[in-house]
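J.: below is the sequence, then the predicted model.
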Number of protein chains: 2
Amino acid sequence: MVWRAAVKAAYEGRHFTGSQRQPGAFTVEGEVLRALKRIGAVKDPRESRFKAASRTDRGVSSLGNVFAFDTDFRKDELIRALNAATEKVFFYALAEVALDFSPRRARGRWYRYFLPRDGLDLELVREAADMFQGRHDFRSFCRAEGRSTVKSIDSIEILVEQEFILIDMRAREFLWNMVRRIASALEAVGSGRCGVDEVRGALAGRRVSFGLAPSESLVLMDVLYDFPFLPECPATLTRKVRAGREATSVHLSFFDALADRCAGGRL
Amino acid sequence: MVWRAAVKAAYEGRHFTGSQRQPGAFTVEGEVLRALKRIGAVKDPRESRFKAASRTDRGVSSLGNVFAFDTDFRKDELIRALNAATEKVFFYALAEVALDFSPRRARGRWYRYFLPRDGLDLELVREAADMFQGRHDFRSFCRAEGRSTVKSIDSIEILVEQEFILIDMRAREFLWNMVRRIASALEAVGSGRCGVDEVRGALAGRRVSFGLAPSESLVLMDVLYDFPFLPECPATLTRKVRAGREATSVHLSFFDALADRCAGGRL
């Protein structure tokens, strides 16, 4: 029995050349498809109508991208088998969807940008962030693709967590590079390099470039639909998450100790 | 004027194939030499008598390995220039040493192993660790190289830090794989897979293999000499340390959020 599956997947951007398939490159879609073929869930991407919810650039991480495909694989074994078939992608939730489902038609997308706090003026960042909410022409805040640049941002929330200012943006859809261009503008305002008025001008239609913030600090947090996903946490997933978390804790200890020594500590 | 320099360097093991030069591989020594040549401080490794204090295996990180070489480079510019010439090695201290100095003849070495705490019995780990201190035949705790396996461990300290048991070992020198084999034995005892008596037997000369703990959790913390190193923290170094620390914090946030979702949190 063929059914259409939607799986939620997390991945770290640093391991991939980007999300979209490219011959000869290690990409997220390429790796997901390799895993699907390896377990026998998909033979051909076209035939199974394989589709991703969001394209993420090289370096961008995801906690909630969604991949959909037709398959006859056992539903209760799919998440376990997929996690066993790849080390670099974490599959943690599943939905059976209508046969005409396209993951691109989502109700909303949530991105988080990690901006180093480094003496930025939080109030200025908040003031500038507020201006982006609602419907605007984002032509100064995207990479042109020949499509309309008028979009609506549902909300931009500014949070502080340890050494970061988190920029949480929610919208039905985003233009290419839009989150990173807005993050770069907020950083420019917060550091005093730019005035709030310049951002206002750019949103009113004046062409201004505020630069492009680094992709490594951007995470696609979630893609939302009108139906629920069923969370699953098989041992094949727990093992990978624990190993990744432990390795990252060791790296953080390394940098903490190195920062101490550079600050003139014990040698 | 030719002088002999000793530089302290930190590096993350995950970026390298190991520390020792190998044709066609990305190694720590290869990268340090590439940087030295690039800034014009060294022409030929043999002529400059380039030497490292410790060999570290693939995956092992260092916070204090030492590299020595003859050079006529300006002393007050060396650390700055070296940091600018490579992204993957962090140079943070310098000493002018005698022309016959070999970094291998160190007073002591300090290694730290990060053992995931995961329900290990801390008291058993401490009891087993104590047995390793002092002079023993470590034939069951090294990879044979045809040299004597009798060595002295000055101290093994067991610390607890967040989700890790830290194993701090200090000795004048270690055998190949010795720290990782001892760490694996302590893990076996702490988890109850092995008795303390089996470790005692192995230290008394019986051949037992307790396995080899993963290299990624091992850090060479420092190599000690009878002279001081002068710490230096140029902007070229600060920038790299900050960028590395920030990227690692983002990765840790990623794994924290992923662990939350796997634990049945919000989807």
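T.: Now that the structure is in, tell me what you want to look at.

J.: quick one: low-confidence parts of chain A?
T.: Chain A contains residues with pLDDT under 70 at A:264-267.

J.: pick out the residue nearest the middle of it.
T.: A:Leu220 (2.0 Å; CA atoms, centre = their mean).

J.: who does that residue bridge with?
T.: Using DSSP bridges, the bridge partners assigned to A:Leu220 are A:Ser62, A:Tyr111.

J.: gap between it and A:Glu173?
T.: Distance of A:Leu220 to A:Glu173, computed by CB to CB, to the nearest Å: 12 Å. Just so you know, the C-beta spots here come from the backbone N, C-alpha and C atoms, and that holds for glycine as well.

J.: where do the contact lists of the two overlap?
T.: A:Arg109 (CB atoms under 8 Å, 6 or more residues apart in numbering or on different chains).

J.: can you tell me the element A:Arg206 falls in?
T.: For A:Arg206, there is no helix or strand it lies in under DSSP states H and E.

J.: count the residues that sit near it.
T.: 11 (other CB atoms under 10 Å in any protein chain shown).

J.: next one: A:Arg139
T.: 17.

J.: got the contact list for it?
T.: A:Arg139 neighbours (CB under 8 Å, 6+ apart): A:Thr149, A:Gly205, A:Arg207.

J.: just the buried residues of those.
T.: A:Thr149 (16 or more other CB atoms under 10 Å in any protein chain shown).

J.: got JSON lines for the contacts of A:Arg139, with distance to B:Phe227 too?
T.: Converted to JSON lines, the contacts of A:Arg139 look like this (distance: CB to CB, whole Å):
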{"residue": "A:Thr149", "distance to B:Phe227": "63"}
{"residue": "A:Gly205", "distance to B:Phe227": "65"}
{"residue": "A:Arg207", "distance to B:Phe227": "60"}
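
J.: save the contacts of A:Arg139 as TSV, and put in distance to chain B too.
T.: Formatted as TSV, the contacts of A:Arg139 follow (distance: CB to the nearest CB, whole Å):
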residue	distance to chain B
A:Thr149	28
A:Gly205	34
A:Arg207	30
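
J.: how far away is the residue nearest to the centre of chain A from chain B?
T.: 11 Å (CB to the nearest CB, to the nearest Å).

J.: OK, contacts around that residue?
T.: A:Ser54, A:Thr56, A:Val60, A:Ser61, A:Ser62, A:Leu63, A:Gly64, A:Asn65, A:Arg109, A:Trp110, A:Tyr111.

J.: by neighbours, which of those wins?
T.: A:Ser62 (29 neighbours).

J.: ok, now which ones touch it?
T.: With contacts defined as CB under 8 Å, 6+ apart, the neighbours of A:Ser62 are A:Ala9, A:Ala10, A:Tyr11, A:Gly13, A:Ser19, A:Val28, A:Ser54, A:Thr56, A:Val219, A:Leu220.

J.: narrow the residues you listed to those in helices?
T.: A:Val28 (DSSP state H).

J.: just the buried subset of the contacts of A:Ser62, please.
T.: Listed as buried from these are A:Ala9, A:Ala10, A:Tyr11, A:Gly13, A:Ser19, A:Val28, A:Ser54, A:Thr56, A:Val219, A:Leu220; burial here means 16+ other CB under 10 Å.

J.: correct me if wrong: the fifth one contacts A:Phe67.
T.: Spelled out, it's A:Ser19. No - taking contacts as CB atoms under 8 Å, A:Ser19 lies outside contact range of A:Phe67: 9.8 Å.

J.: need the overlap of contacts for those two.
T.: A:Glu29, A:Ala52.

J.: is the longest helix that chain A contains in proximity to chain B?
T.: Identified as the longest helix of chain A according to DSSP H is helix A:235-262. Yes - Helix A:235-262 reaches chain B (CB under 8 Å from any CB of the partner chain) through A:237-238, A:241-242, A:244-259, A:261-262.

J.: of the residues you listed, buried ones?
T.: If we count by 16+ other CB under 10 Å, those have these buried: A:237, A:241-242, A:244-255, A:257-259, A:261-262.

J.: just give the number of residues close to A:Ser184.
T.: Other residues close to A:Ser184 by other CB under 10 Å number 21.

J.: what's the answer for A:Leu82, then?
T.: Counted with other CB under 10 Å, A:Leu82 comes out at 27.

J.: now swap in A:Lys43 and tell me
T.: 11.

J.: next, give phi and psi for the closest residue to it other than its chain neighbours.
T.: In space, and not counting its chain neighbours, A:Lys43 is closest to A:Lys37: 7.0 Å by CB to CB, 6 or more residues apart in numbering or on different chains. Dihedral pair for A:Lys37: phi -70, psi -40, per degrees, to the nearest 10.

J.: surely A:Lys37 and A:Ser48 touch.
T.: No - counting by CB under 8 Å, A:Ser48 is not a contact partner of A:Lys37; they are 9.8 Å apart.

J.: just want to know which of those two has more residues nearby.
T.: Set side by side, A:Lys37 and A:Ser48 show more neighbours around A:Ser48, with 21 against 15, by other CB under 10 Å.

J.: excluding residues flanking it in the chain, which one is nearest A:Ala98?
T.: A:Arg4 (6.8 Å).

J.: so how far is whichever strand or helix holds the one you found off the chain centroid?
T.: Per DSSP H and E, A:Arg4 falls inside strand A:3-11. From the chain centre to the centre of strand A:3-11 is a distance of 15 Å (CA atoms, centre = their mean, to the nearest Å).

J.: name the helices or strands packed onto it?
T.: When contacts are defined as 3 or more CB pairs under 8 Å, 6 or more residues apart in numbering or on different chains; DSSP states H and E, strand A:3-11 sits against helix A:28-38, strand A:61-71, helix A:78-85, strand A:89-97, helix B:235-262.

J.: so which of these gets nearest A:Gly190?
T.: helix B:235-262 (15.7 Å; CB to CB).

J.: interface residues of the stretch 151-267 of chain A facing chain B?
T.: So the stretch 151-267 of chain A meets chain B at A:161-164, A:216-217, A:219, A:221-222, A:228-229, A:231, A:233, A:237-238, A:241-242, A:244-259, A:261-264, A:267 (CB under 8 Å from any CB).

J.: again, but for the stretch 1-150 of chain A
T.: Checking the stretch 1-150 of chain A against chain B by CB under 8 Å from any CB, the hits are A:Lys8, A:Ala10, A:Glu12, A:Arg14, A:Ser61, A:Leu63, A:Gly64, A:Phe90, A:Tyr92, A:Ala93, A:Phe114, A:Pro116.

J.: what is the neighbour count of the fourth one?
T.: Using other CB under 10 Å, A:Arg14 has 14 neighbouring residues.

J.: check the one 4 residues further on too.
T.: For A:Gly18, the count of nearby residues is 20 (other CB under 10 Å).

J.: is the closest residue to it other than its chain neighbours within a helix or a strand, and which one?
T.: Excluding the flanking residues, the one nearest A:Gly18 by CB to CB, 6+ apart is A:Arg58, at 4.2 Å. Using DSSP H and E, A:Arg58 is not contained in any helix or strand.

J.: what about A:Arg58, distance to B:Arg14?
T.: A:Arg58 is 19 Å from B:Arg14, by CB to CB.

J.: just A:Leu63 next, same as before
T.: 22 Å.

J.: hmm, back to that, report the contact partners of the residue nearest to A:Gly18.
T.: Applying CB under 8 Å, 6+ apart, we find A:Arg58 in contact with A:Gly13, A:Phe16, A:Thr17, A:Gly18, A:Ser215.

J.: the first one and A:Arg180 touch, don't they?
T.: Translated: A:Gly13. No - using CB under 8 Å, A:Gly13 is not in contact with A:Arg180; the gap is 12.0 Å.

J.: what residues do the two have in common as contacts?
T.: Going by CB under 8 Å, 6+ apart, residues that sit against A:Gly13 and also against A:Arg180 are A:Asp57, A:Ser215, A:Leu218.

J.: brilliant, that's me finished.
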